[in-house]
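For reference, the sequence and a predicted model appear below.
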Amino acid sequence: MDTRKIGVIVGREWSWPPAFIEEVNRRKAGVTAEYVKLGGTHMAEPCEYDVIVDRISHEIPYYRTFLKTAALSGTRVVNNPFWWSADDKFFGASLCARLGIPHPRTIALPSHSYIEGVVEESLRNLRYPLPWKEHVEYVGGFPVILKPAWGGGFKQVYKVHSFEELWRAYNETGTECMMLQEYIAWEKYVRCIVIGRRHIMTIKFDANAPWPHRYFRDDYYLTPEEGRQVTDYALRINQALGYDMNTVEFALKGGVPYAIDFTNPAPDFDVNSLTPYYFDWVVKTMADFTIELALQGRQVPAEYPWSQMIG
């Protein structure tokens, strides 16, 4: 059998990519791994890789363009570039509501500002002034969270306690589409690393702690029932979103896990933040999963409807 190939597209991270590549190659399972090298892509060009792990195309548009073309030739891309291009956190909030998974009440807001060239007539469907009082009442009153509908890394996330603070924060958001969200005064907070829509590691997490000291090993942090609920919800969310590499965060209050943040398709895999214990799990589990995908072979679409691209 010909050797199958896994390619890795990365940004500035330094610890996970070489450890993952070494782990795959060490196993001698008929699969090799290496960094992808690109200098331009021909239209409909076949891709030499059976699987590509994408860690950075959200910041490099050309990579996303290449990955969509690679997917058309049957390469399995983790995560699916068609879905990743389409998702947003507000859709995720609505999806949770449809799935029956607890989620803070959330409202998508019109942007504060618009790119140059957008004229007043283009905004005629918007209601001004925004009904701030109604919105704050809907999400349960102050304090509230204001955060972007896209993106991650805790950028432009505000916890505000009054209308004055809310307006001041909103005025700083520029062209971002922001969300107003209920604040959950949580008693426990966990981040789940989910791989392949079936492998899951639940970790005690403190987003307010200084980086990189945010992950804590505590095997008894959750009760058995809390652990069951968190695992069930995280797997259901990833099945619905189609992500094979993601993190899902839950704020627990009164034993109820509220899904807080779960569209992180290039999650933090740094050894300094994960700690060696969880880092080792991620390296080995990603190797298990991607080797399995590579050995299954490519899946060239017989037809090209959108539903097949995001499945």
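Received the coordinates, thanks. Only a predicted model underlies this, so the values are computations on that prediction, with no experimental measurement involved. Numbers count the residues shown, from 1 in each chain.

can we go C-alpha only for contacts and neighbour counts from here?
Will do.

contacting residues for the spatially closest residue to residue 156 that is not a sequence neighbour?
Counting by Cα to Cα, 6 or more residues apart in numbering, residue 156 lies nearest to residue 147, which is 5.9 Å off, once chain neighbours are set aside. For residue 147, the contact set (Cα atoms under 8 Å, 6 or more residues apart in numbering) comprises 155-158, 178-181.

any idea how far residue 147 lies from residue 259?
Residue 147 sits 15 Å away from residue 259, going by Cα to Cα, to the nearest Å.

picking up where we left off before, list the neighbouring strands of the helix or strand hosting the residue nearest to residue 156 plus their orientation.
Secondary structure assignment for residue 147, by DSSP states H and E: strand 144-148. If you go by DSSP bridges, strand 144-148 pairs up with strand 158-160 (antiparallel), strand 178-182 (antiparallel).

The most centrally placed residue in the chain: what secondary structure?
Centroid-nearest residue in the chain: residue 264, 1.5 Å away (criterion: Cα atoms, centre = their mean). Using DSSP: H, G, I helix; E, B strand; the rest coil, the structure places residue 264 in coil.

start at 648 instead
I'll keep to 648 as the first residue from here, and by that count the last item is residue 911.

show me where this structure has helices.
663-674, 708-719, 728-733, 736-746, 779-785, 810-817, 871-888, 918-943, 953-956 (DSSP state H).

What angle do helix 918-943 and the first one make with each other?
Same thing as helix 663-674. Computed by axes from the mean of the first three to the mean of the last three Cα atoms, to 10 degrees, the angle separating helix 663-674 from helix 918-943 equals 40 degrees.

tell me which residues in helix 663-674 are buried?
663-665, 667-672 (16 or more other Cα atoms under 10 Å).

need those in a markdown table with distance to residue 779, can you?
Formatted as a markdown table, these follow (distance: Cα to Cα, whole Å):
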| residue | distance to residue 779 |
| --- | --- |
| 663 | 44 |
| 664 | 45 |
| 665 | 49 |
| 667 | 48 |
| 668 | 50 |
| 669 | 53 |
| 670 | 52 |
| 671 | 52 |
| 672 | 56 |
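
which one of the residues you listed is nearest residue 764?
Nearest to residue 764 among the buried residues of helix 663-674 is residue 664, at 41.7 Å by Cα to Cα.

For the nearest residue to residue 651 once chain neighbours are set aside, which residues are in contact?
What sits nearest to residue 651 in space, not counting adjacent residues and going by Cα to Cα, 6+ apart, is residue 678, at 4.6 Å. Applying Cα under 8 Å, 6+ apart to residue 678 gives the contacts 650-653, 671-672, 938, 941-942.

Residue 678 and residue 668, how far apart?
Residue 678 is 10 Å from residue 668, by Cα to Cα.

now swap in residue 907 and tell me
In terms of Cα to Cα, residue 907 sits 32 Å off from residue 668.

Residue ranges in the protein under the pLDDT threshold?
Applying pLDDT under 70 to the chain flags residues 648, 799-801, 949-958.

Ramachandran angles for the closest residue to residue 660 other than its chain neighbours?
Leaving aside its sequence neighbours, residue 660 sits nearest to residue 917 (Cα to Cα, 6+ apart; 7.0 Å). According to degrees, to the nearest 10, the main-chain angles of residue 917 amount to phi -70, psi 130.

Residue 917 is in contact with residue 926, isn't it?
Yes: with contacts counted by Cα atoms under 8 Å, residue 917 reaches residue 926, the gap being 7.2 Å.
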